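Novice: task: produce atomic coordinates for the following.
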Amino acid sequence: MGPATLINNVETFHHVPTVVGFGERFEAQGRPGHKGLKFISVSGHVERPGVYCVPMGTTVAELIEQAGGMQDGRELAAFAPGGASSNFLPAGDRGVELDFATLQEAGSMLGSGAMVAVAEGTDVLALATNVLEFFSNESCGKCVPCRVGSRKAVSIMHTALAGPAANGGGGWQETVTELEEALRLTSICGLGQVALGPVLSVLRNFPAGEPVSAP
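Specialist: Modelled structure (predicted):
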C-alpha cells in the first residue's frame with residue numbers, strides 16, 4: 001500500500017488540528033445529539049450568500065437566518081441541503097437539522113454541504129431540470145445508462161416544461177420515474193445514480209410541477 005494521498009479539501013485541513021489536539025472540545029461544539037462543526041455554503045435566494053461555519057445540528061431555518069434571510073422579504077418555498085445532487089425538500093421541512101443521518105431520514109442528504117434556498121414563485125421543476133441537464137453534460141459517457149438515459153431524461157423534461165400541448169397531456173412522469181430507477185441501479189458511478197434524484201424529489205414534494213408558493 002502506497003503513502004497517504006493528500007486530501008485537497010479546505011474544510012478537512014481546517015478541522016484536523018482541532019480534532020487531533022482537542023477532539024472532545026471539537027465534538028462539544030455541535031448541538032445536543034450532534035458532534036462538531038460544519039462548513040456549509042449557502043446560495044440561492046438569500047440576502048448574504050456565502051460559506052458559514054455552524055454547529056452540526058443547526059436547522060435549515062437558522063442557517064438561512066444567518067445568511068440574512070430570504071431576499072426581498074420573499075418566503076422560502078424549497079431547499080436543496082447538500083448541493084446539486086441532493087433532493088429538494090419543501091419549506092415545511094425548514095426545521096430539519098443539518099446532519100448526515102437526519103437529512104437522509106428526511107429524504108435528502110447533507111452531501112457536500114452546499115445548501116440552495118429557493119424562494120416562492122420559482123419554478124422548482126425547471127430548476128431541477130437545469131440540475132439534470134448539468135449532470136447530463138458532465139457525464140463521461142462510459143456507461144450507457146448514464147450517457148443515453150440522462151440525455152433522454154433531459155429531452156423528456158424540456159418537452160414536459162413546454163406544457164400539455166407539447167407533451168401530449170401527461171404520462172411523462174412515469175417514464176421519468178422508470179428512467180431514474182434504471183440510472184440509479186445500473187450507472188457505474190454516483191453521477192448517473194443521482195442525476196434524476198432532484199427531478200423526482202420535485203415531482204414527489206410539488207406534484208403540480210408548477211411554480212411553487214410558500215405554505
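
Novice: Thr129 and His158 touch, don't they?
Specialist: Yes - applying CB atoms under 8 Å, one finds Thr129 in contact with His158, separated by 7.2 Å. C-beta coordinates here come from the backbone N, C-alpha and C atoms, glycine included.

Novice: of those two, which one has the most company?
Specialist: Thr129 (21 against 15; other CB atoms under 10 Å).

Novice: low-confidence stretches in this structure?
Specialist: Low-confidence segments of the chain (pLDDT under 70): 1-8, 165-170, 208-215.

Novice: quick one: the helices in it, in order.
Specialist: For the chain, the helices defined by DSSP state H cover 10-21, 23-28, 60-66, 100-106, 124-138, 144-161, 164-167, 172-186, 190-194, 197-205.

Novice: could you tell me the angle between the fifth one and helix 172-186?
Specialist: Using axes from the mean of the first three to the mean of the last three CA atoms, to 10 degrees, the direction of helix 124-138 lies 40 degrees away from that of helix 172-186.

Novice: tell me the strands beside the longest strand belonging to the chain, with direction?
Specialist: Ordering each strand of the chain by length in residues (DSSP state E) puts strand 37-44 first. Sheet pairing of strand 37-44 (DSSP bridges) gives strand 50-55 (antiparallel), strand 114-119 (parallel).

Novice: most tightly packed of those?
Specialist: Between those, strand 114-119 has the highest mean count of neighbours, a mean of 23, where neighbours are mean count of other CB atoms under 10 Å.

Novice: compute the inter-axis angle for that one and helix 197-205.
Specialist: 40 degrees.

Novice: rewinding a little: adding distance to Asn205, write the strands paired with strand 37-44 out as CSV.
Specialist: As requested, the strands paired with strand 37-44 are arranged in CSV below (distance: least, CB to CB, whole Å):
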stretch, distance to Asn205
strand 50-55, 24
strand 114-119, 11
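
Novice: now do Cys143: how many residues are near it, please.
Specialist: Counted with other CB under 10 Å, Cys143 comes out at 17.

Novice: ditto for Ile156
Specialist: The burial count for Ile156: 19, using other CB under 10 Å.

Novice: residue contacts, the residue lying closest to it once chain neighbours are set aside?
Specialist: Once flanking residues are discounted, Ile156 sits nearest to Trp172: 5.3 Å by CB to CB, 6 or more residues apart in numbering. Residues in contact with Trp172 (CB atoms under 8 Å, 6 or more residues apart in numbering) are 156-157, 159-160.

Novice: neighbours of Gly23, just the number please.
Specialist: That count, for Gly23 with other CB under 10 Å as the rule, works out to 12.
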